[in-house]
Each structure stands twice: as structure tokens, then as C-alpha cells.
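Asker: No letters, just coordinates:
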């Protein structure tokens, strides 16, 4: 299981994420914001409230989250 050890808001719904294995990069979360629970993330100030959860993934106060393994795979695919 991958572990996120740092998450930082960059701009325009992009986050810089660092993993425990040393891998890091920037990911655009905007394509994953739709209706329902993710709709609140369309507010930039709310989006900036991203944090690391107890499962070493990222989450927002409303419970919307991403698994660290999923993010690691997405970011690996986009880094090549």
C-alpha cells in the first residue's frame, strides 16, 4: 500500500503529492470533480482544505477522498 506523506495545493485544482517511497508529482484533480459529494470541491477555498487521511490517502472535510494507490498509479502513468 502506497503512503502519501505530503499534499500541497498548487493552483487550478492541481495538487503536489509526495509519497513515502520518494515519488512525487503534480496531479490535476479537476477531471474527477463532478456532481454529488465532489461538487463542493468546485469552490477553490474548499478545495484547498485537502488533507491526508488515516488511510494515507487524501480527503476533504466532506469525506470525498482518493486512495493513495490509485493516485500513485495515475501519477506514474502521467509522468512517462
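Answerer: Received it, and whenever you're ready, just let me know what you need. Everything numeric here is computed off the predicted structure, so don't read it as measured data.

Asker: contacts and neighbour counts: CA atoms only from here.
Answerer: OK.

Asker: where does the chain dip in pLDDT?
Answerer: Counting by pLDDT under 70, the ranges of the chain that qualify are 80.

Asker: Tell me the helices and strands packed up against the lengthiest strand in it.
Answerer: Counting residues, the longest strand in the chain under DSSP state E turns out to be strand 4-11. Judged by 3 or more CA pairs under 8 Å, 6 or more residues apart in numbering; DSSP states H and E, the packing partners of strand 4-11 are strand 14-19, strand 51-52.

Asker: Could you pull up the residues touching residue 39?
Answerer: residue 33 (CA atoms under 8 Å, 6 or more residues apart in numbering).

Asker: Surely it is within a strand?
Answerer: No: counting by DSSP: H, G, I helix; E, B strand; the rest coil, residue 39 is not part of a strand but helix.

Asker: quick one on the thing from earlier: so in that sheet, which strands flank the longest strand of the chain, and in what orientation?
Answerer: strand 14-19 (antiparallel) (DSSP bridges).

Asker: Can you give me the distance of residue 20 to residue 61?
Answerer: 23 Å (CA to CA, to the nearest Å).

Asker: Likewise for residue 5?
Answerer: 18 Å.

Asker: that older thread, can you mark which positions in the longest strand of the chain are buried?
Answerer: For strand 4-11, a neighbour-count test (16 or more other CA atoms under 10 Å) marks 4-7, 9 as buried.

Asker: Can you add distance to residue 66 and give the residues you listed back as JSON lines?
Answerer: Shown next, in JSON lines, are those (distance: CA to CA, whole Å):
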{"residue": "4", "distance to residue 66": "11"}
{"residue": "5", "distance to residue 66": "14"}
{"residue": "6", "distance to residue 66": "14"}
{"residue": "7", "distance to residue 66": "12"}
{"residue": "9", "distance to residue 66": "15"}
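
Asker: Can you tell me how far the residue lying closest to residue 52 once chain neighbours are set aside is from residue 21?
Answerer: Spatially, and ignoring its direct neighbours in sequence, residue 52 is nearest to residue 58 (4.5 Å; CA to CA, 6 or more residues apart in numbering). Residue 58 is 16 Å from residue 21, where distance means CA to CA.

Asker: cool, residue 41 as well?
Answerer: 28 Å.
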